[in-house]
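Student: sequence and predicted structure, then a few things I'm wondering about:
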Amino acid sequence: MKKIIEWFKSSASDFVLFIILLILINFVGSNAYLRLDLTNQKSYSLSKASKTIVKTLDEPLSIRVFFDKKLPAQYSNVAQYVEDLLEEYKRAANKNFSVSYMDLTKEDDKNLASGYGLRQVQIQEVNNNEIGVKQTYMGLAISYGDNIEIIDPITTSEGFEYRLTSTISKMINTAASLETLKGDDKIQLKVILSSAVKSLRISGVDQIESSVEKAAAAINKTKMDKIEYSVIHPAVDEVAVYTQRYGIQPINYRNSAGVMETGCIGVVLEYGEKFITLPVQIQDIFFNNYAVVGLDDVETTVNDSIQSLITKPTQFGYIIGHGERDLATQEGASGFYNAVSGLYEIKTIDLSTDDIPASMKSIVINGPKMNMTEEELYKIDQFIMKGGNALFLVDPFQETTQNNSFYGQTTSYFENDVNIDRLLKKYGVTQTREMVMDQACCETYHDSYGILELYWAPLLQKEDLDKKSSITGNLGNVIMLMSSPLTVAENKDVKVTTLVQSSEKAWTEKAEGLMLNPLMLEAPADKTKLARKDLMVLLEGKFQSAFDEPPVSVKEGEEEKGQGDYAITTHLSKSSQAGKIIVAGTSAITTPQVFDDKASSGVALLIVNAIDYLNGNDELCRMRTKGVAINVLNTDSKAMVTFFQMLNEYGLALFVLIAGLIVWRMRVKRKARINKTYNPDDERFMDKKAKSEAKA
């Protein structure tokens, strides 16, 4: 024992003790969870909404993780990110939250992944200097009660928290709604198919009934057996009733007697007075070869539609009747509709006949092309005065297409002089009827002319967006297509935030004679004409009404309610409670040119975030956009670009090398000082002068 104690005291034990210390530190580090999130967007930390939803779980929710342990570097980083974030969920959750990591080297776990419906991802891997293709799983299966949802494939960390939290929220809401269905009340899943259409030689027609029935059986296992499947074969004289009620597809055919008749085909999910028509229909897929489409993912479609059918999502109004962007067409704003309808119920409102419901939080006015009546303007104004929120997307120009004998088909522009401006000016926003051009813009390549700059499509980065706002804080690569500049008047009762502005190299062009042709547009030679322009603004506070009193027709209607010598008026001259108004100088940002169905582009995320913010869901904004913004090097100097490129490639290695040399030289000098103090006669540590003196 004495020898052991002496050994510990001696320098011989230092190295062994150091190794033991390292092992203990690693052991503690692997078991004690501690992380610091130093990212600007807090990409590795949970949002408040995520913490709340898992902390308040009433029933067990389990997540099974299916990730191959041997993934290439780019995918293993994603797997590690998913694992780290799930650990954050676990730390924030109550006892009802659990996570299991499945071993994909085991055949049972692979079969389990397949049984959940996870799809294998095809990835490339390098093995023994050979490039091969590997099929593997990269996804999650989430179980809550009888409900099962999958998130798959997960090939990037971007938006993962938003996908997971929104899926959990959807499952909780759906489960709660299913439990409230009265007694034996069920959701009806109907195949409506004319017998004559069924007998036509169209690929897939004979599979409709079996495919939908199979989907219903699978969904019933996870939805408390609340789906009731049925098939309807309508007679010829009943077809019109079904096509008009449900909007299913009519099919014209010639019967055995050679007479033209009409049948129908469709799949409908219905509960009470509400129904959803699923996208199962006949299409021409290749030169008059017709086939049924929509059957491949019918189970997923039904699953997604159930929540919309039985839950009550937040509703916002979409104003129509004045040439606004059509939500149903590709030329309009169908991408906007598809992206937002999964989160909100969009109610179209024709102000000429309808009022804005008092329970509604927000409205959207997207690209009006015609004037509104005084009564319609008044309805919008009073909605805002009562604390309602509004998103105005107003174009500076309207366009017309003409045939020119020299140029062919040309597009010309004229000012979009609509009276919605009257409201905006009263609230403090003035829109100039000009189009913003910006040298920081999208580019295209032409075989004859090379790279062409599309000045009317400014491509804006983080420095052009408000960093503090939850709407724009994490965004980048936002294309503000065909936008006009905005100016905002000062108002002590209203807080103004410039959400989006152009770069410093922007100018404006008037409508008259404008041609959006990159070969015919040039930046001004006078650099003093270049300046930043405000393109999207947020106003929050109490606003003054644009009306001193109700319009005559509204006033007369109110007076009719009066009795005797008095009349009742509900006119508000100032906001009764604070509201929010967002104004953008273009509606082109909701078109398919820049807005995709999945809302993955920068401007699509901007608009969806704006809708969230107006409806009080601003916590979703930062969650959705984590990791989206890209750090862009803004410089015109090629030398500077080369410098930063070399710095990124070799800078770290060079820094480590220099640091190592400095530490080495410091140790050599320290050792020399120590020896000089305690062993001055050792010639190895003497300088030349000391050595010569010692020899003398």
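Tutor: Good, I have the coordinates.

Student: going forward, measure contacts between C-alpha atoms and count neighbours the same way
Tutor: Fine.

Student: so where do the strands sit in the stretch 251-400 of the chain?
Tutor: Taking DSSP state E, counting those that start in this stretch as the criterion, the stretch 251-400 of the chain carries its strands at 260-271, 274-277, 281-284, 290-293, 315-320, 345-350, 362-366, 389-393, 397-404.

Student: comparing these, which gets the lowest mean pLDDT score?
Tutor: Lowest mean pLDDT within the strands of the stretch 251-400 of the chain: strand 397-404, at a mean of 74.

Student: now the helix of greatest length in the chain: average pLDDT?
Tutor: Longest helix in the chain, counting residues (DSSP state H): helix 638-678. Helix 638-678 shows a mean pLDDT of 81.

Student: also stretch 146-163?
Tutor: On average, stretch 146-163 scores 86.

Student: tell me the buried residues in that stretch?
Tutor: 147-152, 154-155, 157-162 (16 or more other Cα atoms under 10 Å).

Student: one more: stretch 496-508?
Tutor: Buried residues in stretch 496-508 (16+ other Cα under 10 Å): 496-503, 505-508.

Student: now for G585: which residues touch it?
Tutor: Counting by Cα atoms under 8 Å, 6 or more residues apart in numbering, G585 makes contact with 393-396, 431, 483-486, 535-536.

Student: same for the lengthiest strand in the chain, what does it pack against?
Tutor: Ranked by residue count, the top strand of the chain under DSSP state E comes out as strand 130-144. Taking 3 or more Cα pairs under 8 Å, 6 or more residues apart in numbering; DSSP states H and E as contact, the helices and strands that strand 130-144 lies on are strand 61-67, strand 120-127, strand 147-151, helix 160-179.

Student: mind listing what the shortest one pairs with, with the direction of each?
Tutor: I take that to be strand 147-151. strand 130-144 (antiparallel) (DSSP bridges).

Student: ok, back up a step: how far away from the center of its chain is the longest helix of the chain?
Tutor: Offset of helix 638-678 from its chain centre (Cα atoms, centre = their mean, to the nearest Å): 44 Å.

Student: next secondary structure after the helix or strand of the chain with the lowest mean pLDDT?
Tutor: The helix or strand of the chain with the poorest confidence is helix 552-561; it has a mean of 58 (mean pLDDT, DSSP states H and E). Remark: after helix 552-561, the chain's next helix or strand is strand 579-584, criterion DSSP states H and E.

Student: ok, residues contacting that following strand?
Tutor: By Cα under 8 Å, 6+ apart, the list of residues contacting strand 579-584 reads 384-385, 387-394, 429, 483, 486, 535-543, 610, 614.

Student: partner strands of that strand, with direction?
Tutor: strand 389-393 (parallel), strand 534-541 (antiparallel).

Student: pLDDT averaged over it - what is it?
Tutor: Mean predicted confidence for strand 579-584 is 96.

Student: quick one: that strand to strand 362-366, angle?
Tutor: Relative orientation of strand 579-584 versus strand 362-366 (axes from the mean of the first three to the mean of the last three Cα atoms, to 10 degrees): 20 degrees.

Student: and strand 579-584, C-alpha only, in CSV?
Tutor: C-alpha atoms of strand 579-584 as CSV (Å, rounded to 0.1, in the frame of the first residue of the first chain):
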residue,chain,number,x,y,z
GLY,A,579,-54.6,46.3,-34.8
LYS,A,580,-51.9,45.2,-37.4
ILE,A,581,-51.6,46.2,-41.0
ILE,A,582,-49.0,44.8,-43.4
VAL,A,583,-48.7,46.5,-46.8
ALA,A,584,-46.6,45.2,-49.8
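
Student: for the following helix or strand past it, name the packing helices and strands.
Tutor: Counting by DSSP H and E, the element after strand 579-584 in chain order, helix or strand, is helix 602-614. Other helices and strands packing on helix 602-614, by 3+ Cα pairs under 8 Å, 6+ apart, are helix 334-341, strand 389-393, strand 478-479, helix 618-624.

Student: dump the ones you listed to a markdown table, plus distance to T167 and mean neighbour count.
Tutor: Putting those into a markdown table (distance: least, Cα to Cα, whole Å; neighbours: other Cα atoms under 10 Å) gives the following:
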| stretch | distance to T167 | mean neighbour count |
| --- | --- | --- |
| helix 334-341 | 15 | 20 |
| strand 389-393 | 27 | 24 |
| strand 478-479 | 27 | 24 |
| helix 618-624 | 13 | 22 |
